[in-house]
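Undergrad: Build the 3D model from these lines:
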Amino acid sequence: MAKTKRGKGLWNTPSRGRGTCPICLSTRIKLLYSATNSDGKLVKVCKKCSAVDAKTADKAVSTENLGFRGKLRKALNRQKQTV
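TA: The predicted structure is shown next:
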């Protein structure tokens, strides 16, 4: 496979597949894996959290409106303390 074709699918995803993991709250990490919670809903997670059970996936927080830079860093730290 040519090197120019590797990871081509990531270019079509929002933010090139990167974001904040809803379980471990790691920032600027690739969210390529999925975990299912007890309701059967899929949650996009990082590689470290891809093997979590449904009970842990239920504790996932919404990171849609949460940024990982500057002024929103305080909100992220508050969520890390509650998880």
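Undergrad: Which residue would you name as the spatial centre of the chain?
TA: The centroid of the chain falls nearest to Cys21 when counting by C-alpha atoms, centre = their mean (2.6 Å).
Undergrad: quick one: average pLDDT of the lengthiest helix in the chain?
TA: The longest helix of the chain (DSSP state H) is helix 73-82. For helix 73-82, mean pLDDT is 71.
Undergrad: rewinding a little: isn't the residue nearest to the centre of the chain right next to Lys47, touching?
TA: No. Checked against C-beta atoms under 8 Å, the pair Cys21 and Lys47 is beyond contact range at 9.3 Å. C-beta coordinates here come from the backbone N, C-alpha and C atoms, glycine included.
Undergrad: my guess is Leu76 meets Thr27, correct?
TA: Yes. At 7.0 Å, Leu76 counts as touching Thr27 under the criterion of C-beta under 8 Å.
Undergrad: distance of the residue nearest to the centre of the chain from Thr4?
TA: From Cys21 across to Thr4, the span is 29 Å (C-beta to C-beta, to the nearest Å).
Undergrad: cool, Thr27 as well?
TA: Taking C-beta to C-beta, one finds Thr27 at 28 Å from Thr4.
Undergrad: just Thr36 next, same as before
TA: Remark: distance between Thr36 and Thr4 (C-beta to C-beta) = 34 Å.
Undergrad: Distance from the worst-scoring helix or strand of the chain on mean pLDDT to the middle of the chain?
TA: Least confident helix or strand, the chain: helix 73-82 with a mean of 71, by mean pLDDT, DSSP states H and E. Offset of helix 73-82 from its chain centre (C-alpha atoms, centre = their mean, to the nearest Å): 15 Å.
Undergrad: Same check on stretch 45-64?
TA: 8 Å.
Undergrad: what about Gln79, how many residues close to it?
TA: For Gln79, the tally of surrounding residues (other C-beta atoms under 10 Å) stands at 16.
Undergrad: shouldn't Lys55 be in contact with Ser38?
TA: Yes. If you go by C-beta under 8 Å, Lys55 and Ser38 touch, sitting 7.0 Å apart.
Undergrad: Dig out what Lys44 forms beta bridges with.
TA: Ser34 (DSSP bridges).
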